[in-house]
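Enquirer: starting from these lines, generate the structure:
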Amino acid sequence: MKKTIVTLGLLMGFSAFAQDHFSGMSTSNRVGILNGAMNPAEFVNLSKRFEVNIYGLSFNVANNKIGFSDISSDANFEELLFKGTDPVDARVDAEILGPGFAMKWMKWGFAITTKAHANFNITDVDPDIGKAITNDNFVLTNIPLNSTNNQRLNGVAYGELGLSAARSLFENDKHSFSAGLTLKFLFPGTYSNFGLANLNGQISEGPTGAYLTTNSPATLNIAYSGNLADSFTNFSDYGKSIFGGLNGTAIDIGFNYQWKGGSKDYKINAGLAFKNMGSMTFKDGNNQSTNYIFDTQEPGPLDLSQFDGVDNLKEVEEILSTNGYITKTTGGKDFKVKLPAMINLYADFKIVPKFYVSGFLQQKLQDNEGNDQITTVNTFTVTPRFNIGFFEAFLPVNNNEISGTNVGLGFRFRGFYLGSGSMVTALINDSKQADIYTGFRWAFL
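Expert: Residues are numbered from 1 along each chain as shown. Predicted coordinates:
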């Protein structure tokens, strides 16, 4: 697995990411499909009667170990990724907004949207295991392992088609309240998961290599579907199979309140949304999800050098099974995975004419340890924003549980927008976050 780890180290070495896609744009008072994707109740507040989304792209990379200064240094990426004692957390994530259409009619708002997701995650991986696999300079030592967490390598790609409806429930000269719902039809494309939980034992390093011994049985899940069955480190494989067949549904439910400041403006715009409540089932000829007991007591210590050059889960499974290290408990060909359910809570305040400040909180509703769970992160963003109608500039300041605090920069000129949630920090400090987003939409009447 050495080449796998090297690839991941290089990939994650380009810093880190906050899951707040389109940071700063989604809370703009120029309301459109981006706002509705965050909270379906916002479709009632569309700035124009009609909007057509042409494209939108948000790409993010994340880890909790490597900063920008490390990219240009002579340091070894593998050593940096597995340095210290804190578990390794890393993400690569892309969200693509495809063609979409939204409209408002009387007290209603409607939309049809398309979206694609692709991400790869390293969650709670013990750095000592990474060191043992990647290090060729062995010394005589024993490294204790005692992790109750589920150490995961996980990747997924899927598409969605959303049908949204929102309605104004109350409105007068000063206040308005609306609610909305999006029904998502899910198209699972490809999936992979390696989850090793309750690992207690030690790694013994000597002249002949590194060996893993367990003191008690651990649990292991290996699952794969589609292209990721053959390789889970090549990000192009995610793009080849984003949209599979229709095989899942989810819903978003949202609420919106406005304290009005005029016929076309507000003093406060606040919202609450419950997102991604649903799941999808992977069905493919290349499918498998199996739970195992992992134990080295009877076959003897596991030689970690056997994973040198391995880049897919089938090979990992075969090595462990052939040598008697795993015992199957449950499994099947078709399996279900849960979407990353979350709460979005936000408020946008008009400070003075043309100047606004918004606060946005994303809180996940589940932990990331479940082998059937697509992961996400908690994040909080404060965005000062200057808006003169056709032009808008914003400065998002975000904090997330992986890379800490970062400052970005972005702008909108009519329907085109471009921004980043970490650009300023990357230029002036050793940021552990890198992301960029761009898009174009056309609103009229």
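
Enquirer: which pLDDT value goes with I374?
Expert: For I374, the pLDDT comes out at 92.

Enquirer: how about it, phi and psi?
Expert: phi -70, psi 130 (degrees, to the nearest 10).

Enquirer: which non-adjacent residue is nearest it?
Expert: P340 (4.9 Å; Cβ to Cβ, 6 or more residues apart in numbering). Just so you know, the C-beta spots here come from the backbone N, C-alpha and C atoms, and that holds for glycine as well.

Enquirer: torsion angles phi and psi at that neighbour?
Expert: Dihedral angles for P340 - degrees, to the nearest 10 - are phi -80, psi 80.

Enquirer: count of neighbours near it?
Expert: P340 has 20 neighbours, counted by other Cβ atoms under 10 Å.

Enquirer: same check on W442?
Expert: Neighbours of W442 (other Cβ under 10 Å): 13.

Enquirer: please, which helix or strand holds it?
Expert: W442 is part of strand 433-444, with elements assigned from DSSP states H and E.

Enquirer: what about that strand, average pLDDT?
Expert: Strand 433-444 comes out at a mean pLDDT of 90.

Enquirer: pLDDT wise, what is the closest residue to F355 other than its chain neighbours at?
Expert: Residue nearest to F355 in three dimensions, not counting chain neighbours: F386, with 5.7 Å by Cβ to Cβ, 6+ apart. Per-residue pLDDT puts F386 at 96.

Enquirer: ok, what's across the strand from F386?
Expert: F355, A393 (DSSP bridges).

Enquirer: same question for T190.
Expert: A157.

Enquirer: one step back: list the buried residues in the strand holding W442.
Expert: For strand 433-444, the neighbour count (16 or more other Cβ atoms under 10 Å) marks 433-439, 441, 443 as buried.

Enquirer: any stretches of the stretch 301-445 of the chain with poor pLDDT?
Expert: 430-432 (pLDDT under 70).

Enquirer: show me the helices in it, by range?
Expert: For the stretch 301-445 of the chain, the helices defined by DSSP state H, counting those that start in this stretch occupy 313-322, 423-428.

Enquirer: still on that earlier bit, for the residue nearest to F355, give me its contacts.
Expert: Contact partners of F386, counting by Cβ atoms under 8 Å, 6 or more residues apart in numbering, are 354-356, 392-394.

Enquirer: using ChimeraX, define a selection of the buried residues within the residues you listed.
Expert: Remark: buried members of these, expressed as a ChimeraX selection using 16+ other Cβ under 10 Å:
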select :356,392,393,394
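
Enquirer: quick one: which of the contacts of F386 is nearest Y158?
Expert: F394 (29.7 Å; Cβ to Cβ).

Enquirer: if I look at that closest one, how far off is E317?
Expert: For F394, the distance to E317 equals 47 Å [Cβ to Cβ, to the nearest Å].

Enquirer: gap between the helix or strand hosting M277 and the chain center?
Expert: Using DSSP H and E, M277 sits within strand 265-282. Distance of strand 265-282 from its chain centroid, counting by Cα atoms, centre = their mean, to the nearest Å, is 16 Å.

Enquirer: and what of stretch 309-327?
Expert: 27 Å.

Enquirer: quick one: end-to-end length of that stretch, please.
Expert: 24 Å (Cα to Cα, to the nearest Å).

Enquirer: going forward, begin numbering at 55 instead of 1
Expert: Sure thing, new numbering starts at 55, so read that last one as stretch 363-381.

Enquirer: correct me if wrong: V142 contacts K185.
Expert: No - V142 lies out of contact with K185 (Cβ atoms under 8 Å); the separation is 10.5 Å.

Enquirer: okay, those two: which has more neighbours?
Expert: V142 (23 against 19).

Enquirer: could you check how far the more buried one is from V179?
Expert: V142 is 4 Å from V179, by Cβ to Cβ.

Enquirer: same check, this time on N254
Expert: N254 is 16 Å from V179, by Cβ to Cβ.
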